[in-house]
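S.K.: Sequence plus predicted model, see below.
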Amino acid sequence: MDKELYIELQDTQWQFDYIDHDRNIARAIVYDDKGTFYFVRAERDDDFGKATLIETAGGGVEIGEDLHTAIKRELREELGVSVEIICKIGVVNDYYNLIHRHNINNYYLCKVKSFGEKNLTQDEIESFHLSTLKLSYEEAVHEYENRKNTRLGTLVANRELPVLLKAKEIIEDREII
């Protein structure tokens, strides 16, 4: 059994004032039989600044929803995929000081079973311009490194690069591509 990651990160980009809420989030490293990884690209221009980001698909867990249901729902909505949950990779706690939020990111490794239609929210379409990125492991690492050119990109890369590395190790150990 693989030991799950547990990472605690601080927001190094914005000054800490206080945290007034937690957000429970389900996220996934998604891959297919060919070893392609699937992410979302977000193009933002908001309180966090202007940024183009790579990020794992996922989002907030709804009231009364368990993590497995949440991750499957989020992946259908954002990537249009049905998946098999391989395992939980771990938890990364991080903070967005700018909006006074503590994020509890529950990461899963998921393998694509089938593709279908996305079901993005208006906010995801109009405010974040979400699109799908299909990348090799090396391309994904390079993309995260390139997106550290913004404050939010740095926070996201710090959170997700260790998870991506762990996912690659799990895939290689289990030879599950």
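M.R.: On my side now, so go ahead.

S.K.: I figured residue 148 was touching residue 157, is that so?
M.R.: Yes - Residue 148 is within contact range of residue 157, at 5.0 Å (criterion: C-beta atoms under 8 Å). (Each C-beta comes from the backbone N, C-alpha and C, glycine too.)

S.K.: how much space between residue 12 and residue 140?
M.R.: 22 Å (C-beta to C-beta, to the nearest Å).

S.K.: Compare those two and say which is more crowded by neighbours.
M.R.: Neighbours were counted for residue 12 and for residue 140 using other C-beta atoms under 10 Å; residue 140 has more, 24 against 11.

S.K.: contacting residues for residue 163?
M.R.: If a contact means C-beta atoms under 8 Å, 6 or more residues apart in numbering, then residue 163 has 5, 27, 29, 56, 89-90, 92, 107 as its contacts.

S.K.: hmm, 6 Å instead?
M.R.: By C-beta atoms under 6 Å, 6 or more residues apart in numbering, the contact list for residue 163 reads 89, 107.

S.K.: And it, what's its pLDDT?
M.R.: Per-residue confidence (pLDDT) for residue 163: 98.

S.K.: now swap in the one 4 residues further on and tell me
M.R.: Residue-level confidence at residue 167 comes out at 96, pLDDT.

S.K.: Could you give the number of residues near it?
M.R.: 28.

S.K.: go on, residue 115?
M.R.: 12.

S.K.: could we number from 37 for the rest of this?
M.R.: Yep, numbering from 37; the last one is residue 151 now.
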